[in-house]
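In: Provide a 3D model corresponding to the input given below.
(one chain, ligands or ions: 1)
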Amino acid sequence: MAMVQVDAVAAAAAAAFEQTVELLSDYLTFPAISCDPAHHEDVRRLATRIAADLAGLGLDRARVVELEGALPIVAAEWLHAGPDAPTVLVYGHIDLQPVRGEIWHTPPHQATRRGDRLYARGAADDMGGWVSHLAAMQAWLRNGGALPCNLKLVLEGEEEIGSPNLERYMDAHAEVFAADVMVLTDCENPSTEVPGLTVSLRGLIEVELLVESAEADVHSGLWGGMVPDPTLALSQILARLVDDDSRLLVGRQELSEATLAACRSVPLDPAVIRCGAHLLPGVEPLSPRDLPAAAWLWHQPAITVLSTTLPPPGNEKNAVRQRASARLSVRLAPTQAADDMVAALQDAVGVDPPGGVLVSLRKVATFGQGWHYTPRGPAFAAADRAYRAAWGEGLVQVGVGGSIPFVALFGRRFGGLPLILNGVMDPESTAHGPNESLHLGVFRKAIAANVRLYAELGALTRRELQSGSEG
Ligand SMILES: [Zn+2]
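Out: This is a model prediction of the structure:
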């Protein structure tokens, strides 16, 4: 690989940084909110604009692809690096989360620079993510007219509503996705100084817990003190599911030394948690006890109470209610099977119910299976070199506590390929919340890393990539 040329291209990308921020700011003026039909035209307008820009950049077949009943994807490619050179697929998304009900200090659809951050909905999730690739491609094409590898870009318009049609696009337009290595850019870095490589997701299901005691509500003056109250029993049963830290006791995972070591290397200290989770003064993150914080967030199950039938204000009456129920979301550890977890929860809630109340628990929805990936092979060594050169730090393996449907989908469909999951978010980005922002230093390093990543991957042959990697 001609390192001089890579350095020159990286320097050109750095010199064009302000124009890149301007272009990103332009895209961020489109309120491309995929969950709101009133904004679907904005998603389409943005897709059309981006396709035109990609064509102007010198990418081939830049186009908007749209399936019936779906929001569009944007696709483009550059395949002139030769048949032995690998084809790198870059995935990002152009749609946004809504801003309704949020209090912003700056207009959410007008990028505003304050200090070293750029504030706008989508700045980090994910417009900044894929624009960091656009900038890298532009630097290569404007400085020598060629990319060091074959490249495909695909930008989704429905990621923020769970990618309901992405698999249909994969089936109907397989050529858009066919590649030797995939770079999926919608993930987080553990800090603004340390680049992250995402390797796991937690799964997500919902269960309903129902407690029943009588055929009808009964007078609490006549019977209170001698008949079980399902509302209190429900609270007791829920409390028994967790330890003194409110952490789920059911389904705890034994973690490997490698997983623990990776978790320990993540700079997730109380200050980062306090800031990222917006804790009030005086409130402390839970003590991690015997595990690193990252292990609790990424590799252990957790429950959240989503709703209950506990009588709400205005519904007071002096009666013992006949039944009570709660809907819980259950985050599953990356390799935990949903059915095993449901069975374990059923066992736990059935133990010694207060007053012998009838207790049942059933799964009501599955939103995503967990996913765990072992990166190995030359593509990851190449990525690590690119990141070390751009960030001064190698990639740290991180997990995601949530369930990102597109990642699980790529994992299922393309798990045999090297999947490099990264992005431009950091713990202060507050994606999906008010005052979302992109750290401009991270953005700068991401662009530089992408410039180098294409060169590093392009220096490998397709055969080398295939021989060295498996999910
Ligand atoms: Zn995203």
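In: for the rest of this, base every contact and every neighbour count on C-alpha atoms.
Out: Will do.
In: close to the ion: what parts of this structure are there?
Out: Contact residues, the chain versus the ion (Cα under 5 Å from the ion): 125-126.
In: can you list the domain ranges for the chain.
Out: For the chain, the structural domains run 3-200+370-468, 203-257+298-367, going by automatic domain parsing.
In: off-centre distance for the shortest one?
Out: Read that as domain 203-257+298-367. 28 Å (Cα atoms, centre = their mean, to the nearest Å).
In: mean confidence (pLDDT) on it, please.
Out: Mean pLDDT, computed over domain 203-257+298-367, is 95.
In: how far away is residue 133 from residue 452?
Out: 11 Å (Cα to Cα, to the nearest Å).
In: of those two, who's got more company?
Out: The residue with more neighbours, out of residue 133 and residue 452, is residue 452; 27 against 24, by other Cα atoms under 10 Å.
In: do me a favour and average the pLDDT over the helix or strand encompassing the more buried one.
Out: Using DSSP states H and E, residue 452 falls within helix 440-458. For helix 440-458, mean pLDDT rounds to 98.
In: for it, packing partners?
Out: Here helix 440-458 is seen to pack against helix 3-15, helix 128-142, helix 378-391 when contacts are counted using 3 or more Cα pairs under 8 Å, 6 or more residues apart in numbering; DSSP states H and E.
In: now do 10 Å
Out: Secondary-structure packing of helix 440-458 (3 or more Cα pairs under 10 Å, 6 or more residues apart in numbering; DSSP states H and E): helix 3-15, helix 17-27, strand 87-93, strand 117-119, helix 128-142, strand 150-156, strand 181-185, helix 378-391.
In: related to what we said a few turns ago, residues shared between the contacts of residue 133 and residue 452?
Out: residue 446 (Cα atoms under 10 Å, 6 or more residues apart in numbering).
In: the helix holding residue 452: what's the following helix or strand?
Out: helix 462-468.
In: and that following helix, which residues are buried?
Out: 462, 465-466 (16 or more other Cα atoms under 10 Å).
In: hang on, the earlier thing: reformat the helices and strands packed on helix 440-458 as TSV; add mean pLDDT.
Out: As requested, those are exported to TSV (pLDDT from 0 to 100):
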stretch	mean pLDDT
helix 3-15	90
helix 17-27	98
strand 87-93	98
strand 117-119	98
helix 128-142	98
strand 150-156	98
strand 181-185	96
helix 378-391	97
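In: format these as TSV; extra columns: distance to residue 344.
Out: What follows is the helices and strands packed on helix 440-458, written out as TSV (distance: least, Cα to Cα, whole Å):
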stretch	distance to residue 344
helix 3-15	53
helix 17-27	47
strand 87-93	37
strand 117-119	44
helix 128-142	39
strand 150-156	37
strand 181-185	34
helix 378-391	37
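In: is residue 287 in contact with residue 293, as I believe?
Out: Yes - counting by Cα atoms under 10 Å, residue 287 does reach residue 293; the two are 8.3 Å apart.
In: any idea which residue of the chain lies closest to the ion?
Out: residue 125 (4.4 Å; Cα to the ion).
In: now do the contacts for the spatially closest residue to that residue that is not a sequence neighbour.
Out: Among residues not flanking residue 125 along the chain, residue 431 sits closest, at 6.0 Å (Cα to Cα, 6 or more residues apart in numbering). Contact analysis of residue 431 by Cα under 10 Å, 6+ apart lists 96-97, 120-126, 188, 425, 437-438.
In: kindly compare burial across the domains of the chain and name the winner.
Out: Of all the domains of the chain, domain 3-200+370-468 carries the top mean neighbour count, a mean of 20, counting by mean count of other Cα atoms under 10 Å.
In: quick one: distance of that one to the chain centre.
Out: So, by Cα atoms, centre = their mean, the centroid of domain 3-200+370-468 is 13 Å from its chain's centroid.
In: do stretch 254-267 as well
Out: For stretch 254-267, the distance to the chain centre is 20 Å (Cα atoms, centre = their mean).
In: list the buried residues in that stretch.
Out: By neighbour count on 16+ other Cα under 10 Å, the buried set for stretch 254-267 is 262-263, 266-267.
In: ramachandran coordinates for residue 304?
Out: phi -130, psi 130 (degrees, to the nearest 10).
In: so it bridges to which residues?
Out: Under DSSP bridges, the beta-bridge partners of residue 304 are residue 329.
In: ok, it - contacts?
Out: Contacts of residue 304 (Cα under 10 Å, 6+ apart): 206, 248, 327-331.
In: with residue 385 instead?
Out: Taking Cα under 10 Å, 6+ apart as the definition, contacts of residue 385 comprise 379, 391-395, 449, 452-453, 456.
In: just these now: which is nearest residue 362?
Out: residue 395 (40.4 Å; Cα to Cα).
In: would you agree the closest one is in contact with residue 195?
Out: Yes - under the contact definition of Cα under 10 Å, residue 395 touches residue 195, with a separation of 5.2 Å.
In: spit out the residues that contact the two alike.
Out: Common neighbours of residue 395 and residue 195 (Cα under 10 Å, 6+ apart) are 189, 384, 387-388, 422.
In: let's have these in a markdown table, adding distance to residue 7.
Out: What follows is those, written out as a markdown table (distance: Cα to Cα, whole Å):
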| residue | distance to residue 7 |
| --- | --- |
| 189 | 24 |
| 384 | 17 |
| 387 | 14 |
| 388 | 14 |
| 422 | 22 |
